[in-house]
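Engineer: Sequence plus the predicted model coming up.
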Amino acid sequence: MRLLSKKQVREMVLYSPQHIARLEAAGKFPKRVQLGPGRVGWVDEEVQSWLTARIAERDTPGS
């Protein structure tokens with residue numbers, strides 16, 4: 001299992017940290033993992049799955 005830093009997630013999804021937090025709070029983005037005080041990470045596979053779902057939505061006829 002690989003964990004991604006906040007910077008890596010920002011680079012992958014092209015959203016600001018604030019927007020990522022809003023999506024997360026709304027249940028529309030994978031939840032972060034608290035690694036320690038002031039340190040979080042996201043499971044790479046979960047973020048990749050989220051991106052794959054966005055692509056599938058784009059490729060669905062009628063979207």
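Structural biologist: Received it, and whenever you're ready, just let me know what you need.

Engineer: Which secondary structure elements does the top helix by length along the chain sit against?
Structural biologist: For the chain, the helix with the greatest residue count under DSSP state H is helix 44-59. Secondary-structure packing of helix 44-59 (3 or more Cβ pairs under 8 Å, 6 or more residues apart in numbering; DSSP states H and E): strand 3-4, helix 6-13. From N, CA and C alone the C-beta is placed, and that goes for glycine too.

Engineer: For the longest one, buried residues please.
Structural biologist: Read that as helix 6-13. 9, 13 (16 or more other Cβ atoms under 10 Å).

Engineer: ok, residues contacting that helix?
Structural biologist: Here helix 6-13 makes contact (Cβ atoms under 8 Å, 6 or more residues apart in numbering) with 4, 16, 17, 20, 40, 42, 47, 50, 51.

Engineer: what's the farthest-apart pair in those?
Structural biologist: 40 and 51 (18.8 Å; Cβ to Cβ).
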